[in-house]
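Chemist: Starting from these lines, generate the structure:
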Amino acid sequence: MARRWYPLIMVEITPLQRLARVVQSRLGCSYSRAKDEVERGHVTVNGEVVVLPGALVSAADTVVHNPNLPRRRRPPATPRLDILHLDEHLLVVVKPAGLLVHPTRDEERDTVLTRAAGELHRRTGHRCLVLVVHRLDRDTSGVMVLARRHEVVATLQQQFRIHSAGRRYLAFACGHLREPRTVDADIGRPRPSARRAALAPGSGKSALTFLRPVELLRGATLVEAELRTGRTHQVRVHLASLGHPVLGDAVYGDAEREPIPPPRLALHAHQLAFLHPVTGERLAFNVPLPADLKELLRQLRVRSDTGGRIATAMPPPPRRTPPPPAARPAPPRPAPPSRRGPPRRRSPE
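Modeler: Coordinates of the predicted model:
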């Protein structure tokens, strides 16, 4: 026998109340039970299931308790993940350093995918599909896009493939890179299972990176790298090929050249732009340096011998030599002595 359900029509409530409090007052039950009913998905607001007990409702909303609705699973206890954009097709998130994008082994359950799925579960009350579009290395932080539908994955990956999606990184590179550089060098692996990629002229995949120095620091340079291709370790390999490896790079770097020990791989994906696969709107996101890299920048600025000045592509202007001092006027030459003798005196008559 199905249980009866009754609409909870709010009449005497304050302008805004928490949903669990409204359910408690109308059902005449304890707050813990009202909260549990909301989290189970047995309460709708204006026809939509809401699983957040703290959601605010007003007198204009219609709240209905229906215990016959399918029970919602509790959101998984996963760490939080910053979401910059969310719609029914995709989501844009901020990946912290030290986190894999997706599990590579069964015991690695804390990943970007699991955190994103947990965030969607908290917001919708049911399990949601999250799919990988592109990847960031474990120790790289920054912005990335995930898909919620398989057809969206194909459309977004096509943008990355034809290089219409814009990606820019900030990297702390060893030494001073004083001028912009364009690196057009193939990248490949000596064998498929090799951890280290390397330049492979003629045998690897084409890779193109534009490098621009942003700020000269003590023994390092803050560099912006714009990717026109998406090869494995592309920024790291191309910077290392110029003799300016990324600070903290255990694969391609040189710890003896680093001015100070960095907290991790000093690489951050700070800009991402692409066309929405459904609406066609161009979306652009900019994520500043995280706290650990901001601290690294502060330390390198304090110890910098360049005063933290901005590096530019233009050479420094030539020094101006002061004009020679004006010649002093020569002193006047003395007049030559006169040949005429002294005037004669007239004798009195």
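Chemist: neighbours around the closest residue to Pro53 other than its chain neighbours, how many?
Modeler: Of all residues not flanking Pro53 in the chain, Ala20 sits nearest, at 3.7 Å (C-beta to C-beta, 6 or more residues apart in numbering). C-beta: built from backbone N, CA, C; applies to glycine. A count of nearby residues for Ala20, using other C-beta atoms under 10 Å, gives 22.
Chemist: Which of the three states applies to Ala20?
Modeler: helix (DSSP: H, G, I helix; E, B strand; the rest coil).
Chemist: Correct me if wrong: it contacts Lys35.
Modeler: Yes. Contact criterion C-beta atoms under 8 Å: Ala20 and Lys35 qualify, at 4.5 Å.
Chemist: show me the contacts for the closest residue to Thr111 other than its chain neighbours.
Modeler: Excluding its sequence neighbours, the residue lying closest to Thr111 (C-beta to C-beta, 6+ apart) is Leu100, at 4.7 Å. With contacts defined as C-beta atoms under 8 Å, 6 or more residues apart in numbering, Leu100 is in contact with 108, 111-112, 138.
Chemist: Check the spacing between Leu100 and Asp110 real quick.
Modeler: 8 Å (C-beta to C-beta, to the nearest Å).
Chemist: what's the answer for Thr221, then?
Modeler: Distance from Thr221 to Asp110, by C-beta to C-beta: 33 Å.
Chemist: Regarding the residue nearest to Pro288 when sequence neighbours are not counted, what is its secondary structure?
Modeler: Of all residues not flanking Pro288 in the chain, His270 sits nearest, at 6.8 Å (C-beta to C-beta, 6+ apart). Here His270 is recorded as strand under three-state DSSP.
Chemist: so who does His270 touch?
Modeler: 142-143, 168-170, 286-289.
Chemist: could you redo the last one with a cut-off of 7 Å?
Modeler: Shown in contact with His270 (C-beta atoms under 7 Å, 6 or more residues apart in numbering): 142, 168-170, 286-288.
Chemist: Name the pair among the contacts of Leu100 with the greatest separation in space.
Modeler: Glu108 and Val112 (11.5 Å; C-beta to C-beta).
Chemist: Show me which of the two is the more surrounded one.
Modeler: Ranked by neighbour count (other C-beta under 10 Å), Glu108 and Val112 place Val112 first, with 23 against 12.
Chemist: The residue nearest to the more buried one when sequence neighbours are not counted: neighbouring residues, count only.
Modeler: Leaving aside its chain neighbours, Val112 sits nearest to Val101 (4.7 Å; criterion: C-beta to C-beta, 6+ apart). Per other C-beta under 10 Å, the neighbour tally for Val101 reads 20.
Chemist: Just the pLDDT for Val101.
Modeler: Val101 is assigned 93 on the pLDDT scale.
Chemist: measure Thr78 to Val287 for me?
Modeler: For Thr78 relative to Val287 (C-beta to C-beta), the value is 21 Å.
Chemist: Please apply the same query to Gly188.
Modeler: As for Gly188, its distance to Val287 is 30 Å (criterion: C-beta to C-beta).
Chemist: what do you get for Thr111?
Modeler: From Thr111 to Val287 the distance is 19 Å (C-beta to C-beta).
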